[in-house]
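>>> need a 3D model of the sequence below.
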Amino acid sequence: MKKLIIIILVLLGIIVIYSVVEGVRKHKEEANQMTKNETVGAAETVNFDGEYVVDAKASKATWTGKKKILVEWIDKGTIDVKSGEVNIKGSETDWAGTEGKIVFDMTTIRSSQTKGEAGESSKLDGHLKSADFFDVAKYPESVFVLKKVTKNNDGTFNLDGDLTIKDVTKPVTLASITNLDVVDGSDGKAIEARGRVTFNRADYNVKFGSDSFFDNLGDNVIENEVALDLVIVAVKK
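You can find the predicted model right below:
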């Protein structure tokens with residue numbers, strides 16, 4: 001009886017040891033396969049080279065403006081993307097030679113959030129369109145012209161170019177563009193890029209509430225810096 005018990009215990013020990021060894025072996029195989037897949041994925045580079053047309057309906061521009069002293073006063077809104085085109089070159093290397101243009105329809109500028117009282121949003125919309133701000137009757141479009149693309153170490157991109165507002169053109173950088181993703185556009189597959197450009201409105205003679213032009217504004221000073229968050233969707237020609 002004792003011999004039988006010993007034999008059973010030995011067999012159980014062998015089974016346990018085999019299970020542990022087999023488990024370790026499978027874990028190593030799975031880890032090696034994951035490393036191999038990651039290496040292959042890292043080595044693969046998608047070629048986005050070609051001419052693209054901006055999908056205006058799927059693209060989006062969101063602006064943010066703030067008061068200087070009343071830091072909790074933040075207004076937000078949107079501007080429609082009217083049209084655009086991008087010619088991508090060197091997407092497998094340094095993107096050198098990539099160029100493009102995006103046109104914004106300033107007549108569509110509107111607010112979606114304001115610290116004003118109820119009903120103030122429509123009033124702000126009209127004010128933004130007036131000569132105090134963007135004078136959209138006289139300057140119905142603003143344009144960003146892409147001049148240079150720089151790839152950062154973290155895989156994002158900086159897009160350097162010229163921004164024209166109210167017939168004034170100044171250099172700006174569209175920073176931290178995320179890598180291009182394939183998405184569903186308004187009419188089939190498209191590529192999408194997201195990023196933010198910050199511009200100084202005083203540079204473009206957008207004067208209302210600016211301490212660059214007026215004194216003694218008190219807590220009515222509006223920051224000159226305006227942030228424009230972009231989602232640009234484009235379809236290959």
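>>> check contacts around residue 217.
209, 211 (C-beta atoms under 8 Å, 6 or more residues apart in numbering). Placement of C-beta: from N, CA and C, glycine included.
>>> double-check that residue 126 belongs to a helix.
Yes. Assigned with DSSP: H, G, I helix; E, B strand; the rest coil, residue 126 falls within a helix.
>>> distance of it relative to residue 136?
To residue 136, residue 126 is 10 Å away according to C-beta to C-beta, to the nearest Å.
>>> what does residue 212 give?
Residue 212 is 21 Å from residue 136, by C-beta to C-beta.
>>> looking at residue 126 and residue 136, which is more packed in?
Between residue 126 and residue 136, residue 136 has the larger neighbour count (other C-beta atoms under 10 Å), namely 19 against 10.
>>> which SS class is that one?
Residue 136 - assigned by three-state DSSP - is coil.
>>> report the separation between it and residue 229.
Counting by C-beta to C-beta - residue 136 and residue 229 are separated by 20 Å.
>>> do you know the pLDDT at the closest residue to residue 150 other than its chain neighbours?
Nearest residue to residue 150, sequence neighbours excluded (C-beta to C-beta, 6 or more residues apart in numbering): residue 158, at 4.6 Å. Listed pLDDT for residue 158 reads 87.
>>> kindly report the same for residue 29.
Reading off the model, residue 29 has pLDDT 56.
>>> name the element the residue nearest the centre of the chain belongs to?
In the chain, the residue lying closest to the centroid (C-alpha atoms, centre = their mean) is residue 194, at 2.0 Å. Per DSSP states H and E, residue 194 falls inside strand 188-200.
>>> which stretches of this protein form strands?
All strands of the chain, identified by DSSP state E, fall at 50-54, 60-66, 74-88, 99-113, 141-151, 157-165, 168-177, 181-185, 188-200, 225-236.
>>> pick out the shakiest of those, pLDDT-wise.
Of all the strands of the chain, strand 181-185 has the smallest average pLDDT, which comes to a mean of 68.
>>> I figured the residue nearest to the centre of the chain hits residue 175, correct?
No. At 11.1 Å, residue 194 does not count as touching residue 175 under the criterion of C-beta atoms under 8 Å.
>>> beta partners of the residue nearest to the centre of the chain?
residue 231 (DSSP bridges).
>>> one more: residue 190?
residue 183.
>>> isn't it right next to residue 232, touching?
No. With contact defined as C-beta under 8 Å, residue 190 and residue 232 do not form a contacting pair (9.8 Å).
>>> more crowded one of those two?
residue 232 (28 against 23).
>>> tell me the domain ranges of this structure?
Domains of the chain are assigned by automatic domain parsing as 1-44, 50-236.
>>> deepest of the ones you listed, which one?
Neighbour counts (mean count of other C-beta atoms under 10 Å) averaged over each of these peak at domain 50-236, with a mean of 16.
>>> can you pull the pLDDT of the closest residue to residue 107 other than its chain neighbours?
Closest residue to residue 107 apart from its sequence neighbours, by C-beta to C-beta, 6+ apart: residue 136 at 4.7 Å. Residue 136 is assigned a predicted lDDT (pLDDT) of 97.
>>> same check, this time on residue 97
At residue 97, pLDDT is 87.
>>> with residue 116 instead?
Looking at residue 116, its pLDDT is 55.
>>> repeat for residue 41
Confidence score, pLDDT, at residue 41: 37.
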